[in-house]
Each structure stands twice: as C-alpha cells, then as structure tokens.
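> what's the 3D shape of this:
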Amino acid sequence: MTKAYLSREEAIEYTKRGNTTLKKWVSEGNVRTRKDKRRTYFRREDLDQMLLAHVGKNKAGITGHISDDQNAGINVEDYDPPPWLTAKGAENFRKLVEQLGQYQSHLHPANVHALAMCAKYLTEFQICEEKLQKDGLVTVDKNKLERIHPITRYQRQCAELFFEYSARYGLTPSDREKLKLTAKEAAKQDKGESVR
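Numbering: from 1, shown residues only. Okay, here's the model as predicted:
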C-alpha cells in the first residue's frame, strides 16, 4: 500500500524536484501539506498531478535530479549509450541526451534503447549524406543511364524513422507542444473531466 503523504525528503526523491519547487507548488495551492510536530508532509496525489501537468508523463517517466535554480533537465551522466551503437552513434546519443537535458524531458532510463534507435537512424542518415556528397546525387547505372543515387531511398527511411523516434522525446518545438497537450489531457482524465 502506498503512503498518502510523503516527507520532504521522500517528496524530493519521488518528484526529482528541489525544495524550492515543492515550496512554490504549496504556496500556489497546488500541493496540500500536513504538519506533524516539526515535519511537513506532502500529499502524494497532488504531487502526481503536478508531475503530470509539468512533464507530460506519469511519475514513472520522471528522472534526473533538477536543481532549484534550473527546475528543468536531466542528469546526463545517468544515460550511457548501449554497447551495440557504433562510436558515431554513441556520440549522437550523447548529444541527444544533452539536448534533452536543456528542458523538461520525457526521458527515462528504461527508454535508453528507444533513444539509441533515434541516434542510430540519425547516424545512418549522416553516413548516407556523406556518401551522397562523395558520389553525387546522380549516378550512372550499368546501362549508362543517369539515376538518382539508390542510397537516397534508405536515407529517406532513416530520416522518417529518426523523426518518428524523436517525436517521443519532444526534440522539435511542435513535438514538445504535442507532449504538453498530452499532459493536459492526461491530467483532465485523472480528474474525471472530459477531454476535448
């Protein structure tokens, strides 16, 4: 059975937010508290609602320690690229994690392989681009006919797959907006309101 109220330390660990954020949520009336002698306890259900509203995922999707002055981001050191990624893929993986750390992200350690797939397709797109720059966009086939380089088809597939995976993490402004809308809809559903 889960506890209805969490101590300050438990609430900080549970939400991955700092003390300043918790105080702000309480002062705004978003999180109810209970005091017992010298300790303050925070209502878990209210913390869940704030996480849904601010992150767009349930509490299981929250990771990384966030400083009070920043109130966004993730702990980049928590995310190592899987060993199956190439060296260039691992480099792209680290860059993606760093970019996600610049704003409230939807990254969770359990999603490392999905993000690695995103990095893989970005890497393969770049490899295709390098080949196209070397060979040119137009090639001559065995019948001496000019054709669009066959690698362009695979490059297009890599681009589509990259954008499909990247949308899950809000790597573009429009994707971040969609994730915010999803968070609002989830919060309304949890409150029993209708979603429009």
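> distance between the ends of stretch 31-45?
8 Å (CA to CA, to the nearest Å).
> which secondary structure elements does the one helix or strand E45 maps to sit against?
Secondary structure from DSSP states H and E places E45 in helix 44-55. If you count contacts as 3 or more CB pairs under 8 Å, 6 or more residues apart in numbering; DSSP states H and E, helix 44-55 packs onto strand 5-7, helix 8-15, helix 19-27, helix 173-191. From N, CA and C alone the C-beta is placed, and that goes for glycine too.
> could you check the angle it makes with helix 8-15?
40 degrees (axes from the mean of the first three to the mean of the last three CA atoms, to 10 degrees).
> buried residues, the longest helix along the chain. List them.
Secondary structure of the chain per DSSP state H: the longest helix is helix 112-135. Across helix 112-135, burial judged by 16 or more other CB atoms under 10 Å covers 112, 115-125, 127-128, 132.
> same check, this time on stretch 143-151
In stretch 143-151, counting by 16+ other CB under 10 Å, buried: H149, I151.
> show residues contacting it.
If you take CB atoms under 8 Å, 6 or more residues apart in numbering as the criterion, stretch 143-151 is touched by C128, K131, L132, D135, G136, L137, V138, T139, V140, D141.
> looking at those, which is nearest K178?
Nearest to K178 among these is C128, at 27.6 Å by CB to CB.
> what sits closest to that closest one if chain neighbours are left out?
Q155 (3.6 Å; CB to CB, 6 or more residues apart in numbering).
> ok so, going back, what comes into contact with the longest helix of the chain?
Here helix 112-135 has contacts from 79-82, 84-86, 88-90, 92-93, 96-97, 107, 149, 151-152, 154-155, 158-159, 161-162, 165-166, 168-169, 171, using CB under 8 Å, 6+ apart.
> so what strands line up beside the following helix or strand past it?
Next helix or strand after helix 112-135 toward the C-terminus (DSSP H and E): strand 138-140. Sheet pairing here is set by DSSP bridges, and for strand 138-140 it gives strand 146-148 (antiparallel).
> any idea of the angle the helix or strand just after the strand it pairs with forms with helix 112-135?
Later in the chain than strand 146-148, the nearest helix or strand by DSSP H and E is helix 151-166. Orientation check (the same axes, to 10 degrees): helix 151-166 against helix 112-135 gives 150 degrees.
> for helix 151-166, buried residues please.
Those buried within helix 151-166 under the rule 16+ other CB under 10 Å are I151, Q155, C158, A159, L161, F162, Y165, S166.
> tell me which helix or strand in this structure has the weakest average pLDDT.
Sorted by mean pLDDT, DSSP states H and E, the helices and strands of the chain end with helix 173-191, the least confident at a mean of 63.
> domain parsing for the chain?
With domains defined by automatic domain parsing, the chain comprises 1-71, 73-178.
> mind listing the residues bridging to the closest residue to V138 other than its chain neighbours?
Take V138 and drop its neighbours on the chain: the residue closest to it by CB to CB, 6+ apart is E146, 5.2 Å away. Counting by DSSP bridges, E146 is bridged to V140.
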